[in-house]
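Chemist: Take a look and give me a structure for this.
(2 chains)
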Amino acid sequence: GAVVSQHPSRVICKSGTSVKIECRSLDFQATTMFWYRQFPKQSLMLMATSNEGSKATYEQGVEKDKFLINHASLTLSTLTVTSAHPEDSSFYICSARAGLAGGLFYEQYFGPGTRLTVT
Amino acid sequence: GENVEQHPSTLSVQEGDSAVIKCTYSDSASNYFPWYKQELGKGPQLIIDIRSNVGEKKDQRIAVTLNKTAKHFSLHITETQPEDSAVYFCAAPYGGYQLTFGKGTKLSVIP
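Modeler: Model (predicted):
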C-alpha cells in the first residue's frame, strides 16, 4: 500500500522558536497533501491543503503566517510552526492523496504523525 | 459543506463478537466513504473504503455497507480480536477531494 512518512516523530521546542515537520510520500506521487491537527481524544482537524507548486489553502481560523506550508515537489511537503507557543502543542498529521487534481481519486494515506511539545 | 456523524463514541465487545459502527452524512453527492483505524500515538490507517456504485464491500473480517438513500454507511468487524482495539474514524468527501471526519469510535475488545 501507499506509504507516507513524517519526520520528526516527536519534537520538543522552546516557546518562540520555529519547528519544521516534513511529510513524504515514499512510493507514489502526491498531487495533494493535507495537514491535520489532532488534540487528545478528538477527531482530525484539517488545517490546510496544498497542491504541488501552488500556495496552500488554509481552513478558516488557521493562521497562514504561523503555519507555513511548502509543497515543493510531488513527494514532499513541509509544515513550519513559526514562533511556537505552548498552545501550539499538539499531534500534527499529514496525509497525501494520489491521482489527478480534480479527479475522482479520494484515497488519502496518512503519515505516522508528529508530537509537538512547546515548553 | 459535508456533515458526518458517527456512533457510538465508545464500544466494548467481547473477543470473538462482532462490532458495528455507523455514520451518517449530509451531502447526497458524496460518492466515496473511507474508514480509518488509529492506534494510540499513530497516524490513521485506511482499512477499507467504498464507492457509491456498490452497496457492500468486504475484506476478510471487515466489511462496509452503504445505503445512499438513507445517507448512512457502517463498518462491520467480525470475530473481533484484541488487536482490533483502536479508534475508528469514518469520513466523507467535500470540496472535491477533501475529507470530513466523524468524531471517532473507541473500540475496546475484551479478551
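
Chemist: so what secondary structure elements neighbour the worst-scoring helix or strand of chain B on mean pLDDT?
Modeler: Every helix and strand in chain B was compared by mean pLDDT, DSSP states H and E; the lowest is strand B:98-101, with a mean of 90. Helices and strands touching strand B:98-101, by 3 or more CB pairs under 8 Å, 6 or more residues apart in numbering or on different chains; DSSP states H and E, are strand A:45-51, strand B:86-94. All C-beta atoms are positioned from the backbone trio N, CA, C, and that covers glycine.

Chemist: Sheet-wise, list the partners of that strand with their directions.
Modeler: strand B:86-94 (antiparallel) (DSSP bridges).

Chemist: Just the CA atoms of the strand it pairs with, as PDB, please.
Modeler: The C-alpha trace of strand B:86-94 is given here as PDB (Å, rounded to 0.1, in the frame of the first residue of the first chain):
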ATOM      1  CA  ALA B  86      -8.300   1.300  18.400                       C
ATOM      2  CA  VAL B  87     -10.200   4.400  17.500                       C
ATOM      3  CA  TYR B  88     -12.100   4.200  14.200                       C
ATOM      4  CA  PHE B  89     -13.000   7.200  12.100                       C
ATOM      5  CA  CYS B  90     -15.400   7.400   9.200                       C
ATOM      6  CA  ALA B  91     -15.100  10.100   6.600                       C
ATOM      7  CA  ALA B  92     -16.900  11.600   3.600                       C
ATOM      8  CA  PRO B  93     -15.700  13.900   0.900                       C
ATOM      9  CA  TYR B  94     -16.300  17.600   0.300                       C
END
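
Chemist: residues in contact with the residue nearest the centre of chain A?
Modeler: Ranked by distance to the mean C-alpha position of chain A (CA atoms, centre = their mean), the top residue is A:Trp35 at 3.1 Å. When contacts are counted by CB atoms under 8 Å, 6 or more residues apart in numbering or on different chains, A:Trp35 touches A:Cys23, A:Leu46, A:Met47, A:Ala48, A:Ser50, A:Phe67, A:Ile69, A:Ser77, A:Leu79, A:Tyr92, A:Ile93, A:Cys94.

Chemist: 7 Å instead?
Modeler: Each residue near A:Trp35 by CB atoms under 7 Å, 6 or more residues apart in numbering or on different chains is listed here: A:Met47, A:Ala48, A:Ile69, A:Leu79, A:Tyr92, A:Cys94.

Chemist: Also A:Gln29?
Modeler: So A:Gln29 contacts A:Leu74, A:Thr75, A:Ala98 (CB under 7 Å, 6+ apart).

Chemist: Any regions of chain A where pLDDT drops low?
Modeler: Chain A contains residues with pLDDT under 70 at A:1, A:99-106.

Chemist: So which bits of it are right by chain B?
Modeler: For chain A, the residues found near chain B under the criterion CB under 7 Å from any CB of the partner chain are A:32, A:43-44, A:46, A:49, A:93, A:97, A:102, A:106-113.

Chemist: Which residue ranges of chain B form strands?
Modeler: Here chain B has its strands, by DSSP state E, at B:4-7, B:10-14, B:19-25, B:32-38, B:45-51, B:56-59, B:62-67, B:72-77, B:86-94, B:98-101, B:105-110.
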